[in-house]
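**Q** sequence first, then the predicted structure, then my questions.
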Amino acid sequence: MKSESDERAEQLTRRQFVAASALGGMAVAVGCRAGARGNWEYLTDGQAGTLAAICDQIVPADQFPSASQAGVLTFIDRQLIRHFRGHQDAYRDGLEQANAMSRNRFGLDLADASEEQQLELVSALEHESNAFFELVRTHTLEGYYGSPRHGGNRDAVSWRMLGLEEPPLLGRAQYDLRKGSPS
Amino acid sequence: MKQVNAVIIGAGAAGGVVAKELAVAGLSVVLLERGSWYTANDCRKDDLRNQRTTVLGNAFGPDDDRNPRIVVNSKGELHTFVPSEGPYSNNAACVGGGTLSWGAQAWRYMPQDFKMRSTYGAPPGSSLEDWPISYDDLEPFYEKAEYEIGVSGDYADDPFHPPRRRGLPMPPLPPGREFEILGPAAKRLGLHPFHIPMARNSVPYNGRGPCMRCRWCCGFACEVDAKNGSQNTVIPVALSTGNCELRTECMAKEILSDDRGRARGVVYFDAHGHLQEQLADIVIVSCCAIESARLLLNSKSRLFPNGLGNRYDMVGRNLQGHQYTGALGYFAYDTYDDIGPGADIAVCDYNHGTPGLCGGGMLANEFVRLPIHTIDRLPSGTPGWGLAHKKAMRDWHRRTIAIIGPTQQIPTAEARVTLDPSVKDKWGIPVARIQGNCHEHTYEIGDIQAERARKWLLEAGAIDTRLLNQAQNAEKLTRGPDANKARSLSNHSDVVPAGQHQAGTCRMGNDPQGSVVNRTCQLHGVDNVFVIDSSVHVTNGGFNPALTIMAVAYYASASLVRNWKGTGFRS
Ligand SMILES: Cc1cc2nc3c(=O)[nH]c(=O)nc-3n(C[C@H](O)[C@H](O)[C@H](O)COP(=O)(O)OP(=O)(O)OC[C@H]3O[C@@H](n4cnc5c(N)ncnc54)[C@H](O)[C@@H]3O)c2cc1C
Ligand code: SF4
């Protein structure tokens, strides 16, 4: 049976593909090559599933979306061939190691493990593979709280969560704040 | 290419002012800039890619692919950094330089800031010195900068403000919520809070409208062009004279000199990567402290085997910036008003006059903090990830106030820029190497400033605080993707924090053996080369430096124009 997060990752992959196709020629060509690279620009589907499990422990779902639900995988994936390309090896090795740790402990791929097991594993990762964990932690939080245009923080969900006006109010009447004016 | 009267390298804060002053005086000018000309139309508010938060790179240059630098830590280990990494000490590369995307705090230094050595004596091991010019020499030029660039603010409540002939041309923006919270608290502590002077239109000025108070200011270009830099003030005036030609994406390689030891012009790579030669009667170096030193050091010739103006090994020394420290306060209610630019209240009570301390610095509230900035600035003890972190983001993002300030650094001769003997940039030009540190007393003062900031926040009702001092900054650096590099480097205590406020590398002075330029920014020993930018600062004040950089640029230009006689100088 598929775990919830696995399904989520898959759903996301499907949605990604639709979105990518909508972008036109280039993106469709990428989609057609599918294979091990799936519908990601850099990650394989397997890597994406592992990464989704880790990201969703860093920013779990509550009444607001989790990291992967908000598009953080898209953010990291896109940047792995752009600004984060220097971290490709770290991701490749780190994800493999995380998955190996999971198979060791639970006999399951990390993506197939239960929520509790994933939390246990990510906590272990923080101690045993700190450099990789910090890398993913930082990128996840940057994607989740950064600008929507990069694929994470889809629909500005995190900004709405923090109570920031979205779209922001521009050209507001600043004079409300003057001394003595009604506020 | 046609020979011109003056070639200016770097269209930033200083270069823009000099271009305008010379072009208006009738000199023919070529202004070279390695970056592009962005306008308000290119303005893009990207939390991850701007000049302050560089997760995905700098928005206004230089790019990571072509411009490495080497940083040497105190153990002598070398690390390569690209512009989007902190220890690189980037400012910007575009028309306007740092002043396109700056926070626009437009401070005058205080009279003591020009007389640090005679005020305090030089701590052993430091290179603390007096400037050869005084506040009074610069006062008329501060005023000119305030009026031509456009500064809003109000000094009425600042008892420490030095004498000035005229008020500021624009009133301050109305106070934000943080001002209302911090102002009364500062007064209860006996401090003297007032409105930060800002190069930002509060009312229509100079043909452009006022600030519309958006969330994204410091680090970003302004979409309504209400933020004033050299790109929307002096540079357009220079171009409108018809005497100034601006060439963008042109990277200066070296200054040429002749057999008599005078400069002939500049060799540069144009936008297509072709090598070009621009001959000129005078050459003005305005590349900002690190790159100006690099350019001089790269300008070697028979008469100047160690670089132009570097006979006494002074070029590149005394690199300094500011030691930024302060505190973060957590409040029981929303302090966030989403009204830019955010920073609006300051005190100058701590710049000078504390017994036992060699100076100090201004303290002010910080620019609007974006969600990305809160991630690692939650109350201590908050987990770094998971549901607790997410909830803490919700609890605290709108309930913090940060007070920080630029502590004046005590310079040392060992903090310096040299050329790396092997690493070159994408044009094949040897890159800058940064090493050494400011005097350790700087860090003591910085820590005291942080405590002062904390006290102010507590008085204002903060229910919890967190210091943003040296140790905390180092802790922040040991998280994140570059933790390993950072750990071995420990930016804030190991190598001089130069950064956006970098200065000092071509010190101004009367003694040719102890300085690089004279009191009018003319290179000792080479009468047709001038360094006019942050490099000439002997000390860097306890304030953001750009208004002083511009005032010095007006001052030096005035002297240059006064002494100009056709193709040479009166001597
Ligand atoms: C995000 C940010 C916020 C800031 N906030 C403030 C603030 O609130 N208040 C304040 O006072 N200061 C602030 N600063 C700092 C301020 O911008 C700098 O102190 C100031 O711009 C330095 O002026 P400069 O003339 O020395 O150099 P710059 O303005 O940096 O100009 C130098 C120019 O030379 C060009 N150049 C360099 N080398 C070459 C070469 N070889 N060939 C051709 N061109 C070259 C560069 O591309 C650059 O455009 C801020 C800076 C940044 C980035
Ligand atoms: S806060 Fe004002 S000056 Fe700054 S970018 Fe926004 S509108 Fe422009």
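**A** Looks like it came in fine. Ligands and ions are numbered 1, 2, ... in the order given.
**Q** which residues in chain A form helices?
**A** Taking DSSP state H, the helices of chain A run over residues A:4-22, A:25-33, A:45-58, A:72-80, A:88-106, A:115-128, A:130-145, A:157-161.
**Q** between these, which gets nearest to ligand 1?
**A** helix A:130-145 (18.4 Å; C-beta to the nearest ligand atom). Heads up, the C-betas are built off the backbone N, CA and C, glycines and all.
**Q** next, the angle helix A:45-58 makes with the closest one.
**A** Counting by axes from the mean of the first three to the mean of the last three C-alpha atoms, to 10 degrees, helix A:130-145 lies at 80 degrees to helix A:45-58.
**Q** could I get the contacting residues of residue B:322?
**A** With contacts defined as C-beta atoms under 8 Å, 6 or more residues apart in numbering or on different chains, residue B:322 is in contact with B:361, B:406, B:407, B:408, B:409, B:497, B:499, B:501, B:540, B:542, B:544.
**Q** where is pLDDT lowest across those?
**A** Ranked by pLDDT, those bottom out at residue B:497, which has 89.
**Q** grab the nearest non-local neighbour of that residue.
**A** Distance criterion C-beta to C-beta, 6 or more residues apart in numbering or on different chains; nearest residue to residue B:497, sequence neighbours excluded, is residue B:321 at 5.1 Å.
**Q** worst average pLDDT in the helices of chain A?
**A** Here the lowest mean pLDDT among the helices of chain A goes to helix A:25-33, at a mean of 36.
**Q** what's the closest of the helices of chain A to residue B:123?
**A** helix A:130-145 (37.7 Å; C-beta to C-beta).
**Q** could you say what helices and strands that closest one packs with?
**A** The contact analysis (3 or more C-beta pairs under 8 Å, 6 or more residues apart in numbering or on different chains; DSSP states H and E) places helix A:130-145 against helix A:45-58, helix A:72-80, helix A:88-106, helix A:115-128, helix A:157-161, helix B:371-374, helix B:483-489.
**Q** ligand 2 is nearest to which of those helices?
**A** Short answer: helix B:371-374, nearest of the helices and strands packed on helix A:130-145 by C-beta to the nearest ligand atom, at 16.0 Å.
**Q** just give me how far the closest one sits from the chain centre.
**A** Centre-to-centre, helix B:371-374 and its host chain are 23 Å apart (C-alpha atoms, centre = their mean, to the nearest Å).
**Q** which residues sit in contact with the residue of chain A found nearest ligand 2?
**A** Closest approach of chain A to ligand 2 (C-beta to the nearest ligand atom) occurs at residue A:170, with a separation of 8.0 Å. Counting by C-beta under 8 Å, 6+ apart, residue A:170 makes contact with B:212, B:214.
**Q** and residue B:416, by the same measure?
**A** Neighbours of residue B:416 in contact, by C-beta under 8 Å, 6+ apart: B:316, B:317, B:318, B:319, B:434, B:435, B:436, B:505.
**Q** how about the nearest residue to the residue most central in space within chain A, chain neighbours excluded?
**A** Against the mean C-alpha coordinate of chain A, by C-alpha atoms, centre = their mean, the closest residue is residue A:72 at 2.3 Å. Leaving out its chain neighbours, the residue that sits closest to residue A:72 by C-beta to C-beta, 6+ apart is residue A:143, at 4.0 Å.
**Q** and what of residue A:66?
**A** Nearest to residue A:66 is residue A:56, by C-beta to C-beta, 6+ apart, at 4.4 Å.
**Q** same question for residue B:9.
**A** Closest residue in space to residue B:9, ignoring its immediate chain neighbours: residue B:252 at 4.5 Å, by C-beta to C-beta, 6+ apart.
**Q** and if you look at residue A:155?
**A** residue A:148 is the one closest to residue A:155 (C-beta to C-beta, 6+ apart), at 6.6 Å.
**Q** these two touch, right, the one you found and residue A:158?
**A** No: look at residue A:148 against residue A:158 with C-beta atoms under 8 Å: they stay out of range, at 9.1 Å.
**Q** more neighbours: which of those two?
**A** More crowded of residue A:148 and residue A:158, by other C-beta atoms under 10 Å in any protein chain shown: residue A:158, with 30 against 18.
**Q** so what's that one up against?
**A** A:64, A:70, A:144, A:145, B:371, B:393.
**Q** residue B:391: what secondary structure?
**A** Recorded secondary structure, residue B:391: helix (DSSP: H, G, I helix; E, B strand; the rest coil).
**Q** so who does it touch?
**A** Taking C-beta under 8 Å, 6+ apart as the definition, contacts of residue B:391 comprise residue A:62.
**Q** that older thread, would you show me how to pick out the buried ones of the contacts of residue A:158 in ChimeraX?
**A** Typed into ChimeraX, the line below selects the buried ones among the contacts of residue A:158, using 16 or more other C-beta atoms under 10 Å in any protein chain shown:
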select /A:64,70,144,145 /B:371,393
